[in-house]
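Enquirer: what shape does this take:
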Amino acid sequence: MNERQTHSLIIGYCMWIFGFIGAHRFYYGKPISGTIYFFTLGIFFIGWIVDLFLIPSMQRDADIRFIPGPVDFNIAWLLLTFLGLFGIHRMYMGKWISGLIYLCTCGLLGLGYIYDFWTLNDQISLVNGRTA
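Expert: Residues are numbered from 1 along each chain as shown. Got it, this is the predicted structure:
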């Protein structure tokens with residue numbers, strides 16, 4: 001296995017299950033197309049099906065683009081996707097104050113949750129870059 005790997009094919013395909021809302025595209029660092037998928041149900045499910053075959057190349061691109069380190073991208077993305085409104089992903093990254101704020105405000109009323117879908121890969125790369 002490549003030690004530079006930041007994103008997993010298995011997690012990518014699990015996110016693809018929710019791909020009609022763009023989850024896998026956000027995971028692989030493509031927030032614009034993820035947002036388009038969110039509002040068009042995966043471009044009316046056609047793009048969602050096509051992405052089934054594009055995930056391996058998206059995974060390779062993400063591994064090149066993002067910085068590996070002590071904060072695991074896969075764990076952070078799973079925490080964001082399923083517990084993001086409670087700020088657990090932020091606490092995992094060591095951002096305890098904003099994590100507690102998310103916990104008390106339901107992810108800043110959902111707006112912070114959406115913001116983190118757009119920026120989580122870069123947030124993790126910044127944390128990992130500081131510790132490298």
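
Enquirer: now do the spatially most central residue of the chain, the pLDDT please.
Expert: In the chain, the centroid-proximal residue (Cα atoms, centre = their mean) is residue 27; its distance is 3.4 Å. For residue 27, the pLDDT comes out at 96.

Enquirer: per-residue confidence averaged over stretch 73-82?
Expert: pLDDT averaged over stretch 73-82 gives 94.

Enquirer: and residue 67, its phi and psi?
Expert: phi -90, psi 120 (degrees, to the nearest 10).

Enquirer: an error on my part: the question was meant for residue 70.
Expert: Per degrees, to the nearest 10, the backbone of residue 70 is at phi -70, psi -30.

Enquirer: what about it, how many neighbours?
Expert: Look at residue 70: counted by other Cβ atoms under 10 Å, it has 12 neighbours. The way it works is simple: take the backbone N, C-alpha and C, and place the C-beta from them, glycine included.

Enquirer: and the strands in the chain, which stretches?
Expert: Per DSSP state E, the chain carries no strands over any range.

Enquirer: ok so, going back, skipping adjacent residues, who's closest to the residue nearest to the centre of the chain in space?
Expert: residue 15 (4.7 Å; Cβ to Cβ, 6 or more residues apart in numbering).

Enquirer: how about residue 129?
Expert: In space, residue 129 is closest to residue 67, 5.0 Å off (Cβ to Cβ, 6+ apart).

Enquirer: below-threshold pLDDT in the protein: ranges please.
Expert: Scanning the chain for pLDDT under 70 picks out the ranges 1-3, 132.
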